[in-house]
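S.K.: Show me how the following folds:
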Amino acid sequence: MEEKIKKAFFIAVVCVFGILALIFILNVFTPWYYPSDDLSDKPENLLRVMNEDIYHEKVSFRIDFSKDDSINKEVLASSTELKENQICLSLSDELKEKGFELKDNSLITYSGESSVRTKLAGLCAEKETFVDGSFVDYAPILEEYNYAFDNSCCVDEQKCCVLFLFESDE
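M.R.: Model (predicted):
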């Protein structure tokens, strides 16, 4: 009888440690992959992933923009390894009609009354890739929205990271 109790206790301890290990792995390796609607740190996380995997377009989960929400490249630069002049912000024409505004490729603000569902698409690449238009080979969403690179972005920089905000249908 005592042997069965020891065996059951051992199995219970192993199961508890297994569950704890699984929870740890899920939280450490995929914290930003959980779908969430709020703006919080989505742009920073997406930018970090883009910077580590250049020439591969990345797309965020849905982000709900509410009145007075914004994306600021100064804040993005301070929370990533990139310099401010390596980051270009842009937004789709349809969002401009809904109360979004882009200021100097460095600040996206929203002044509308109701929440708007959006997503971010982004790509980090050599600046020349954006200037000559060959970025479309790596970025189907940027191509779909006819993204036009602004040459005032990424001045004197080799690597450039573009974050493009567009409306989500999710």
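S.K.: now the nearest residue to Tyr138 once chain neighbours are set aside, what's its secondary structure?
M.R.: For Tyr138, ignoring the flanking residues on the chain, the nearest one in space by C-beta to C-beta, 6 or more residues apart in numbering is Tyr55 at 4.9 Å. Every C-beta, even on glycine, is put in place using the N, C-alpha and C of the backbone. Secondary structure, DSSP: H, G, I helix; E, B strand; the rest coil: Tyr55 is coil.
S.K.: how far is the host helix or strand of Phe17 from where the chain is centred?
M.R.: Assigned by DSSP states H and E, Phe17 belongs to helix 2-29. Put simply, helix 2-29 sits 35 Å off its chain's centre (C-alpha atoms, centre = their mean, to the nearest Å).
S.K.: can you give me the mean pLDDT across it?
M.R.: For helix 2-29, mean pLDDT rounds to 74.
S.K.: buried residues in the following helix or strand past that helix?
M.R.: Next helix or strand after helix 2-29 toward the C-terminus (DSSP H and E): helix 42-52. By 16 or more other C-beta atoms under 10 Å, the buried positions in helix 42-52 come out as Lys42, Pro43, Glu44, Asn45, Leu46, Leu47, Arg48, Val49, Met50, Asn51.
S.K.: for helix 42-52, what is the average pLDDT?
M.R.: For helix 42-52, mean pLDDT rounds to 90.
S.K.: Please save the CA atoms from that helix in CSV.
M.R.: Extracted as CSV, the C-alpha positions of helix 42-52 are listed here (Å, rounded to 0.1, in the frame of the first residue of the first chain):
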residue,chain,number,x,y,z
LYS,A,42,2.0,45.7,-30.6
PRO,A,43,4.1,48.1,-32.8
GLU,A,44,7.2,47.7,-30.7
ASN,A,45,7.0,43.9,-30.8
LEU,A,46,6.3,43.8,-34.5
LEU,A,47,9.2,46.1,-35.2
ARG,A,48,11.6,43.9,-33.1
VAL,A,49,10.5,40.8,-35.1
MET,A,50,10.9,42.7,-38.4
ASN,A,51,14.3,43.9,-37.5
GLU,A,52,15.5,40.3,-36.7
